[in-house]
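Participant: task: produce atomic coordinates for the following.
(one chain, ligands or ions: 2)
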Amino acid sequence: MSSITLALSKGRIFEETLPLLAAAGIVPTDNPESSRKLIIGTNRPDVRLVIVRATDTPTYVQYGAADLGIAGKDVLIEHGGAGLYQPLDLDIARCRLCVAVQKGFDYAAATRPGGRIRVATKYINAAKAHFAGKGMHVDLIKLYGSMELAPLVGLADAIVDLVSTGGTLRANNLEEVEDIMPISSRLIVNQASLKLKRELLQPVLDAFAGAIKP
Ligand SMILES: Nc1ncnc2c1ncn2[C@@H]1O[C@H](COP(=O)(O)OP(=O)(O)OP(=O)(O)O)[C@@H](O)[C@H]1O
Ligand SMILES: O=P(O)(O)OC[C@H]1O[C@H](OP(=O)(O)OP(=O)(O)O)[C@H](O)[C@@H]1O
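Facilitator: Ligands and ions are numbered 1, 2, ... in the order given. As a prediction, the model looks like this:
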């Protein structure tokens, strides 16, 4: 029997995907927050979930280890999108990619022509494209999390990070100085799976499309 595997990350993407799964008649048998299982069954014998790190989701789908998955646009930009079909913006896990600095830092002066700043980020590709678009040279420092700390301890002048409520920036005496782009999560599908398993995948894609909040 043919079956489909959906790659999801724990936390906000899993939580916000539950209603979409329900619309497709799919109910997970375990909650990854309380279970240590990485492969989770569903009420449907032909559908299973694999629980991966958010940044790994496109890789599982690209290589066909999962037929489909849900990943943030931020993650997709860094991955590059090779081998992936991206049919739907699910409009979940919404936030925005921003440049932020410590309050009081003169970003306008530091970014004048000829200026050079150090920028810490997990989002190297997106940051590179943003500053290249402004015609600026920046020194990028790759971090894997807690970017907000970098300007506070002199590691960088600015960060490129995700902002939602702004609470994390405020708590760390930082302020947003540039809005780069809105971010939400997209459905991604392995291109070969879409051809070979269309009969199983299409109803799931259609149900997700119908369940997206207007
Ligand atoms: N504060 C936020 N509000 C809304 N959406 C967010 C927020 N932070 C991140 N996201 C979105 O949710 C996705 C998953 O975020 P999550 O925090 O679960 O993983 P992560 O910790 O960024 O990734 P990893 O575990 O691989 O380091 C991100 O890729 C982004 O698109
Ligand atoms: O504007 P806010 O509402 O404060 O949200 C912004 C924070 O959310 C994300 O972190 P997340 O909560 O995912 O933590 P993690 O990256 O360490 O998992 C992001 O990296 C910011 O730190």
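Participant: for this protein, give the residue positioned nearest to ligand 1.
Facilitator: Gly72 (2.1 Å; CB to the nearest ligand atom). Every residue, glycine included, has its C-beta placed from N, CA and C.
Participant: hmm, that residue is touching Ala54, no?
Facilitator: Yes. The pair Gly72 and Ala54 qualifies as a contact (CB atoms under 8 Å) at a distance of 6.6 Å.
Participant: elements contacting the longest helix along the chain?
Facilitator: Identified as the longest helix of the chain according to DSSP state H is helix 198-211. Packed against helix 198-211 by the contact rule (3 or more CB pairs under 8 Å, 6 or more residues apart in numbering; DSSP states H and E) you find strand 4-8, helix 12-23, strand 84-102, strand 174-190.
Participant: at 10 Å instead, please
Facilitator: Where contact means 3 or more CB pairs under 10 Å, 6 or more residues apart in numbering; DSSP states H and E, helix 198-211 is packed against strand 4-8, helix 12-23, strand 68-72, strand 84-102, strand 174-190, helix 191-196.
Participant: as CSV, the ones you listed with mean pLDDT and mean neighbour count would be great.
Facilitator: Shown next, in CSV, are those (pLDDT from 0 to 100; neighbours: other CB atoms under 10 Å):
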stretch, mean pLDDT, mean neighbour count
strand 4-8, 98, 23
helix 12-23, 97, 18
strand 68-72, 98, 28
strand 84-102, 98, 19
strand 174-190, 98, 20
helix 191-196, 96, 14
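Participant: which of the ones you listed sits closest to Leu140?
Facilitator: Leu140 sits nearest to strand 84-102 of all the helices and strands packed on helix 198-211, at 12.2 Å, using CB to CB.
Participant: the closest one pairs with which strands, parallel or anti?
Facilitator: Sheet partners assigned to strand 84-102 using DSSP bridges are listed as strand 158-163 (antiparallel), strand 174-190 (antiparallel).
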